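# the following comprises the amino acid sequence and a computationally predicted model.
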There are 2 protein chains.
Amino acid sequence: MTISKGPQVFPRAEYLRRLAAVKSEMERRDIDALVVSSPSNIAYLTGHTAYSWYVPQGLVISAQEDEPTFILRQCDAPAALHQTFLSPSNVIGYPEDLIANPNRDGYDVIIDFLLDKGFARRGVGLEPGFLTLKTGQAQEKFKTRLSNKTVADFSKAIDWIRLIKSDLEISVMREAAAIADAAIMRAAEVIRPGVREADAAAEIIGTLVRGANGKPGTALAHFLLCASPRTGTCHIRWTEDTFRDGSQVNLELAGVRHGYTSALMRTYIIGKPSDRLRRIHEAEAAGLEAALKTARVGATCSDVANAFYNTIEKMGFRKDSRCGYAIGIDWSEPTASLRDGDMTLLKPNMTFHLMLGNWVEEDFGYVISETFRVTETGGEALTRAPRKLFEL
Amino acid sequence: MTISKGPQVFPRAEYLRRLAAVKSEMERRDIDALVVSSPSNIAYLTGHTAYSWYVPQGLVISAQEDEPTFILRQCDAPAALHQTFLSPSNVIGYPEDLIANPNRDGYDVIIDFLLDKGFARRGVGLEPGFLTLKTGQAQEKFKTRLSNKTVADFSKAIDWIRLIKSDLEISVMREAAAIADAAIMRAAEVIRPGVREADAAAEIIGTLVRGANGKPGTALAHFLLCASPRTGTCHIRWTEDTFRDGSQVNLELAGVRHGYTSALMRTYIIGKPSDRLRRIHEAEAAGLEAALKTARVGATCSDVANAFYNTIEKMGFRKDSRCGYAIGIDWSEPTASLRDGDMTLLKPNMTFHLMLGNWVEEDFGYVISETFRVTETGGEALTRAPRKLFEL
């Protein structure tokens, strides 16, 4: 029996619009066949969010065809048929005996497909990152077997197209942002003296899954809870320790809807904040406002970062790390950065995580952030949790 | 102020034993400096489980030095100091301005370190997989800048060493297995008609975080809940749908302790199972017993797979995909596979996920699995949940 199509997050026309932008970039680079291997780019172009990238897979885009063809492991093909807008004939499952097979793998099937269809006349574009993750020599295999074609690096090209979101994408990111907000508020309820970090994490993560406004989270992104004495670290998940009076908690989390991620960070303190904590919060909150105000169409990423840096420096602090990055299907899109010197011009509906985590010393840090979109008048935060230091 | 060392999961001697095995393999390959980039291999050799691999990092092992040196992003260095057994001088944070910097990145710092220290006399080993993930041309950079050395592919070499666990590792995997068991039992309580998939997922995931026997989960691995009409898919997380009478739920989850993953799969049915479902369960449960019985020291991976295939074929079923894979710090270690033709000889304390998910048609599948260790007398399951079709 065949599997039915699931509810489609975006209309077919939205995917065709995205594909048209990719094909236009292919044309510009004299590439007539592209193998997309980044899972986020595959999600962007098809709606596929099932976990299938742990083995070779590729979305093949041909300049000659309207719809791309998704080639993936046989047992993962039903999920692609269910989740994506693709016609059944454009989802190809390769045989299970190619898994963990040293002689032939899914990439051979993709290369066979390119050759059989005659899709690659001028050049073939590849994304080496995920291509190489599980089979170190995958890129070499493409180059060898397509030896009479030009094999070009198409890394980040689709990611740059993704940087500007459609209104439809923004509305999904708002749903994700509402989930992040709910989780931040839940944290303020469950972080208490005597509670284990893990038990608080379980409650907050539960909120990220249950979601908000009747719309559940559709996946979990990273969840980072760095509590005293670890507030100077940024990427520890949680520990077995128990909160006490005076414990500080730095929380970094995200809501996810259909692959789209809206991230949010807040700091909590059980009891009264130290003078140092209060002062850094005030500086960073002021810097956040300055950055959002600056983030209007026509400004650069560098302008936004420097608005933040200048504000906090006047208030006695500095931050060494960048102030954020593009966000969307990936938590951190590998394109524009909110850093000094990034001259990317802001355009309407670019979305960023304004990430103001500041790990000042090995044993002291503070975090605050918003996920925002660029508008004509400045950055509009999609996340709406109070911009405060949560005193519990 | 400096950050304190956190509780150490393994004694220093255990890490030095692991490093000695790696150095012996380096010697065999005429490699005197190795850059480890796989996050799982870094965890194995140091205890580092913080999320820091999203940007360049590397653990540099020199034949000349007892302790390796961990080079990572400055803001991630405190977590490495806290979590690992490494001396403070062996954790090097590279400057924040190398993040999203097109001219110079963390890999340049690693290469400078190799050159300055004179570690690379004969050859340098690399793991191209994660090396290339975020910066497609990272491998080329190493080859260019170390042009007068031999640069060798060390992929999977440490993974093969990891295949055989120490008793200390097995005891951590038992803790993870107990968490997986608890989550599977929690699922039997919360999967009910009228409950949204997402709400059940939140409860089950909560158990994975809270843990079992006073030992919380320390991270979340993939969580896959494929319910009617999606039981023919294997890797969808959960949806917004609501369970009904007659809904079938295939659950795949894992407990995680300090990076170590024990995976477990069970099938649930609300109401009475169909004849087809009952029959496949009986065949697969019998196949599972046969496979575990076969999985003793001296047998091959192929023997285990064929014990399963033969049993279910006699009972009228077949499974196209492999029967499992090595498991440990990764959910799926990229080494031995329980598949026909994999002649890896089983040795004591090798650990596998005996993964008997069987996606028979696009709209029908069934799952059962155990995480087990190899003993002289057969596979000993670390996971202990009842091997039944859960009728709810």
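Thanks, I have it.

# which ones are touching the residue in the stretch 201-350 of chain A that chain B sits nearest to?
Residue nearest to chain B within the stretch 201-350 of chain A: A:Pro216 (3.3 Å; C-beta to the nearest C-beta). Any C-beta I mention is one placed from the backbone N, CA and C, and that applies to glycine too. Contacts for A:Pro216 (C-beta atoms under 8 Å, 6 or more residues apart in numbering or on different chains) come out as A:209-210, B:196, B:198-199, B:238, B:240.

# also A:Ala198?
Applying C-beta under 8 Å, 6+ apart, the residues near A:Ala198 are A:238-240, B:209-211, B:216-218.

# tell me which two of the residues you listed sit farthest apart.
A:Thr239 and B:Arg210 (13.4 Å; C-beta to C-beta).

# what residues of the one helix or strand A:Ala290 maps to count as buried?
Following DSSP states H and E, the helix or strand that holds A:Ala290 is helix A:275-294. Counting neighbours by 16 or more other C-beta atoms under 10 Å in any protein chain shown, one finds that the buried residues in helix A:275-294 are A:277, A:280-281, A:283-285, A:287-292, A:294.

# same check, this time on stretch A:251-266
Here stretch A:251-266 shows A:251-266 as buried, counting by 16+ other C-beta under 10 Å.

# would you mind measuring the gap between the ends of it?
With C-alpha to C-alpha, to the nearest Å as the measure, the ends of stretch A:251-266 fall 6 Å from one another.

# for the residue positioned nearest the centre of chain A, give me phi and psi.
Central residue of chain A (C-alpha atoms, centre = their mean): A:Asp330, 1.5 Å from the mean position. Per-residue torsions, A:Asp330: phi -90, psi 150 (degrees, to the nearest 10).

# pLDDT at it, what is it?
The model reports A:Asp330 with a pLDDT of 83.

# okay, the nearest residue to it once chain neighbours are set aside: pLDDT?
Counting by C-beta to C-beta, 6 or more residues apart in numbering or on different chains, A:Asp330 lies nearest to A:Ser40, which is 4.7 Å off, once chain neighbours are set aside. For A:Ser40, the model assigns a pLDDT of 96.

# you'd agree A:His235 is up against B:Asp76?
Yes: contact criterion C-beta atoms under 8 Å: A:His235 and B:Asp76 qualify, at 6.0 Å.

# overlap of the contact sets of those two?
B:50, B:52.

# and these two? Which one has more around it.
B:Asp76 (26 against 20; other C-beta atoms under 10 Å in any protein chain shown).

# you'd agree that one is in a helix?
Yes: judged by DSSP: H, G, I helix; E, B strand; the rest coil, B:Asp76 forms part of a helix.

# quick one: residues contacting it.
A:233-235, B:50, B:52, B:57, B:93.

# now with 7 Å?
A:234-235, B:50, B:52 (C-beta atoms under 7 Å, 6 or more residues apart in numbering or on different chains).

# swap in A:Gln83?
A:6, A:47-50.

# please list which of the residues you listed are also close to chain B.
Among the contacts of A:Gln83, proximity to chain B is found for A:Ala50 (C-beta under 7 Å from any C-beta of the partner chain).

# format the contacts of A:Gln83 as CSV; extra columns: secondary structure, neighbour count and distance to B:Phe317.
As requested, the contacts of A:Gln83 are arranged in CSV below (DSSP: H, G, I helix; E, B strand; the rest coil; neighbours: other C-beta atoms under 10 Å in any protein chain shown; distance: C-beta to C-beta, whole Å):
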residue, secondary structure, neighbour count, distance to B:Phe317
A:Gly6, coil, 19, 27
A:Gly47, coil, 22, 32
A:His48, coil, 26, 29
A:Thr49, coil, 24, 30
A:Ala50, coil, 23, 24
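
# got the residues of the stretch 251-392 of chain A near chain B?
So the stretch 251-392 of chain A meets chain B at A:320-322, A:332, A:334, A:337, A:339, A:359, A:361-363 (C-beta under 7 Å from any C-beta).

# try it again at 10 Å.
Contact residues (C-beta under 10 Å from any C-beta of the partner chain) of the stretch 251-392 of chain A with chain B: A:252, A:256, A:301, A:319-322, A:325, A:330-332, A:334-342, A:357-365.

# and the buried ones among the residues you listed, selectable in PyMOL?
A single PyMOL command suffices to select whichever of these are buried according to 16+ other C-beta under 10 Å:
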select buried, chain A and resi 252+256+301+319+321+322+325+330+331+332+334+335+336+337+338+339+342+357+358+359+360+362+363+364+365
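
# so which of the residues of the stretch 251-392 of chain A next to chain B are in strands?
Per DSSP state E, strands hold the following members of those: A:252, A:256, A:325, A:358-361, A:364-365.

# nearest to A:Leu34, of these?
Nearest member of those to A:Leu34, counting by C-beta to C-beta, is A:Tyr325, at 24.6 Å.

# quick check: bridge partners of that closest one?
Beta bridges link A:Tyr325 to A:Ser337, A:His353 when assigned by DSSP bridges.

# report the separation between it and A:Leu114.
Using C-beta to C-beta, to the nearest Å, A:Tyr325 is found at 33 Å from A:Leu114.

# show me the contacts for A:Glu380.
A:170, A:292, A:295-296, A:349, A:351, A:370, A:372-374 (C-beta atoms under 10 Å, 6 or more residues apart in numbering or on different chains).

# so what does A:Phe85 have for phi and psi?
Dihedral angles for A:Phe85 - degrees, to the nearest 10 - are phi -80, psi 0.

# how many residues are close by it?
20.

# hang on, it packs against A:Pro11?
Yes: the pair A:Phe85 / A:Pro11 is scored as a contact, 8.2 Å apart, by C-beta atoms under 10 Å.

# give the bridge partners for A:Glu391, please.
In beta-bridge terms (that is, DSSP bridges), A:Glu391 pairs with A:Ile269.

# residue ranges with poor pLDDT in chain A?
A:132-136 (pLDDT under 70).

# which residues are in contact with the spatially closest residue to A:Ile280 that is not a sequence neighbour?
Sequence neighbours aside, A:Tyr366 is the residue nearest to A:Ile280 in space, at 4.7 Å (criterion: C-beta to C-beta, 6+ apart). Residues in contact with A:Tyr366 (C-beta under 10 Å, 6+ apart) are A:231-232, A:248, A:250, A:265, A:267, A:269, A:273, A:276-277, A:279-281, A:283-284, A:317, A:319, A:356-360, A:389.

# can you do 6 Å?
By C-beta atoms under 6 Å, 6 or more residues apart in numbering or on different chains, the contact list for A:Tyr366 reads A:267, A:280, A:358.

# what's the domain layout of chain A?
A:12-162, A:167-391 (automatic domain parsing).

# one step back: got the buried residues of helix A:275-294 as CSV, with distance to A:Ile99 columns?
Shown next, in CSV, are the buried residues of helix A:275-294 (distance: C-beta to C-beta, whole Å):
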residue, distance to A:Ile99
A:Leu277, 51
A:Ile280, 50
A:His281, 51
A:Ala283, 53
A:Glu284, 48
A:Ala285, 51
A:Gly287, 49
A:Leu288, 47
A:Glu289, 52
A:Ala290, 52
A:Ala291, 47
A:Leu292, 47
A:Thr294, 50
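
# quick check: longest helix of chain A.
Longest helix of chain A, by residue count under DSSP state H: helix A:167-190.

# in the stretch 51-200 of chain A, what residue lies closest to chain B?
Closest point on the stretch 51-200 of chain A to chain B, by C-beta to the nearest C-beta, is A:Ala198, at 3.3 Å.
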